[in-house]
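S.K.: model this:
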Amino acid sequence: MSETRAPMKEKTPVIDCRAVTRTYNEGPEKLTIFSDISLQVGASETVAIVGSSGAGKTTLLNLLGGLDKPSSGQIHICGEDIHRMSEAGRARFRNRHLGFVYQFHHLLPEFTALENVMMPCALGGLPVKAARDKAASLLEKVGLGARLTHKPGELSGGERQRVAIARALVNEPECVLMDEPTGNLDEQTGEGVQALIETLRDQSGIAFVMVTHDMRMARSLGRVLRLEQGRLLQEA
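M.R.: Residues are numbered from 1 along each chain as shown. Down below sits the predicted model:
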């Protein structure tokens, strides 16, 4: 499969998830996490997925990111069926088209903020100077232009999450997947990260799919879907 990024056809969803089911075998029993889920997400759209603990929200996010495979159904990202790719092909595709932000930032503690943000570019083969320039520009955009040489242990929780967001954006993905991005932050810091997400969405045209327990934030950002009893439902 070609590694080059072809322009998407007009109106092609960034994410097109159709009739997806995920089951696990637990001894002689089959556990269904969710079944027959469909989801379409367009460019510049923010979709929040809410639901109780154990409903399968993170599992769904992992499927959308190609980190897990559905038991049945299809998931197309930017028009490509990611689960027909090889494992190496999926990894390359994720690096080019998707960004990831987690509740715990997962920054590498021995590297500076600038070096952490450069990592996806380096993995994608971008020359070091170009990677450094892109990373520095993004850190400036998220308000950390003065913190380039600080390591994660020298940054606040909100600053670390901003570095993680910059890292997710550095390869100019079509979609960023976020798993409880403010769940480990105090209310004021979480509101700052929320405002940053809104600004980046509006300026960049990137789609965001976010799992969150914060209903106030979910409703303020865009379309809200509830994963409940194995079904994905539009939240009233």
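S.K.: what kind of secondary structure is residue 76 in?
M.R.: State at residue 76, reduced to three classes by DSSP: H, G, I helix; E, B strand; the rest coil: strand.
S.K.: again with residue 168
M.R.: Three-state assignment for residue 168 (three-state DSSP): helix.
S.K.: Can you tell me which helices and strands the lengthiest helix in the chain packs against?
M.R.: Looking across the chain with DSSP state H, the single longest helix is helix 187-204. Applying 3 or more CB pairs under 8 Å, 6 or more residues apart in numbering; DSSP states H and E, one finds that helix 187-204 makes contact with strand 46-50, helix 157-169, strand 207-211, helix 215-221. (Each C-beta comes from the backbone N, C-alpha and C, glycine too.)
S.K.: please redo it, this time with the cut-off set to 7 Å
M.R.: Helix 187-204 is packed against helix 157-169, helix 215-221, with contacts defined by 3 or more CB pairs under 7 Å, 6 or more residues apart in numbering; DSSP states H and E.
S.K.: And it, what's buried?
M.R.: Buried residues in helix 187-204, counted by 16 or more other CB atoms under 10 Å: 189, 190, 191, 192, 193, 194, 196, 197, 198, 200, 201, 204.
S.K.: before we move on, the earlier item: out of the helices and strands packed on helix 187-204, which gets the lowest mean score?
M.R.: Comparing mean pLDDT across the helices and strands packed on helix 187-204, the lowest value falls on helix 215-221: a mean of 83.
S.K.: Tell me the helix or strand right after that helix.
M.R.: Sequence-wise, the next helix or strand downstream of helix 215-221 (DSSP states H and E) is strand 223-228.
S.K.: Would you mind writing the CA trace of that next one as PDB?
M.R.: C-alpha atoms of strand 223-228 as PDB (Å, rounded to 0.1, in the frame of the first residue of the first chain):
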ATOM      1  CA  ARG A 223     -21.200  16.700  19.100                       C
ATOM      2  CA  VAL A 224     -21.600  14.400  22.200                       C
ATOM      3  CA  LEU A 225     -22.100  10.700  21.800                       C
ATOM      4  CA  ARG A 226     -22.800   8.300  24.700                       C
ATOM      5  CA  LEU A 227     -21.500   4.700  24.700                       C
ATOM      6  CA  GLU A 228     -24.100   2.800  26.700                       C
END
